[in-house]
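> how would this look folded up:
(one chain, ligands or ions: 1)
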Amino acid sequence: MNGDVKFGILAIQGDYEAHAKMLDRLGVKWTYVRRPEDIDGITGIILPGGESTTHIKVMREEGVWDALEKFAAQGGAFFGTCAGAILLAREVHNPPQESLGLLDISILRNGYGRQLASDVHEGKTTISEQPIEMIFIRAPIIQKVGHGVEVLARDAAHPVLVQQGRILAATFHPELTTDPTVHRHFVDTIGQRREGAAAESHSHRAASPAR
Ligand code: GLN
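Predicted structure coming up:
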């Protein structure tokens, strides 16, 4: 991997420290993002799990929301886990809430209901031979994906790991395991796709409404 690449981890609330540990494990440089200026010099950002409503509120107050929209327009890469996936989705339900809209999916917050609030499964992905551990915590359900969205893993009938160009999202928490497969995929994807990625992803979005 390119030694100049540095990643940001949104560090407002939720399990951002677990993402930092995972990037350390991969030997990747990172910085916490709490203010707009923290985005300077990063190539990709991780949006952790937590409460998406709290993330939105604080990001708005700190000016980070606008800075992230600009970062996306400039070809920055994003990896959202759970609440982070909700922030990236084009459409959010239960209840509807604003989002960055960078990923052409429709997502249902707390989709498994109260009794299935947390669950651990083993699941296959298209990014490694070995199944990976998938920890779901008050997880959302991806209800629809647009044509430009690749489904990298499903659990039961639902997509749980999806990618559209430079945008990656998991409804589970790979950062809470010791398996770096998904983070390594994100880091490698960024290394290969940073340049010109914005144009590619935007054309997908325009051409393919969520189905
Ligand atoms: N239920 C949370 C939300 O809707 C997400 C849960 C999580 O990130 N583990 O924002």
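
> can you pull out the strands in the protein?
In the chain, the segments counted as strands under DSSP state E are 6-10, 29-33, 44-47, 77-81, 89-93, 103-108, 118-123, 132-137, 141-145, 150-155, 158-164, 167-170.

> Contacts for the fourth one, please.
Right, the one you point to is strand 77-81. Residues outside strand 77-81 that contact it (CB atoms under 8 Å, 6 or more residues apart in numbering) are 19, 43-49, 72, 86-88, 100, 102-103, 166-170, 172-175, 183, 186, 189-190, 193-194, 197. In this view, the C-beta of every residue, glycine as well, is placed from N, C-alpha and C.

> Close to the ligand: what parts of this structure are there?
G49, G50, E51, S52, C82, A83, I86, R109, N110, I137, R138 (CB under 6 Å from any ligand atom).

> so who does the last one touch?
Under the criterion of CB under 8 Å, 6+ apart, the contact list for R138 reads C82, N110, Y112, A117, S118.

> now this structure, which segments are flagged as low pLDDT?
Judged by pLDDT under 70, the chain has its weakly predicted residues at 1-4, 114-117, 191-211.

> Mind doing that once more with 90?
1-5, 112-119, 188-211 (pLDDT under 90).

> can you point me to the longest helix in it?
helix 181-193 (DSSP state H).

> And it, what's buried?
Of the residues in helix 181-193, T181, V182, H183, R184, H185, F186, V187, T189, I190, R193 count as buried by neighbour count, 16 or more other CB atoms under 10 Å.

> Equivalent analysis for stretch 113-126, please.
Per 16+ other CB under 10 Å, stretch 113-126 contains these buried residues: T125.

> One more: stretch 91-106?
E91, V92, H93, S99, L100, L102, L103, D104, I105, S106.

> Next, give me the two most distant ones among those residues.
Greatest spatial distance in these: H93 and L102, 17.4 Å, computed using CB to CB.

> still on that earlier bit, which member of the contacts of R138 is positioned nearest the ligand?
C82 (3.1 Å; CB to the nearest ligand atom).

> ok, now how distant is that closest one from R60?
Per CB to CB, to the nearest Å, C82 is found 20 Å from R60.

> Any idea what the residue nearest to the spatial centre of the chain is bridged to?
Residue closest to the average C-alpha location in the chain (CA atoms, centre = their mean): G80, at 1.6 Å. For G80, the beta-bridge partners under DSSP bridges are L47, A169.
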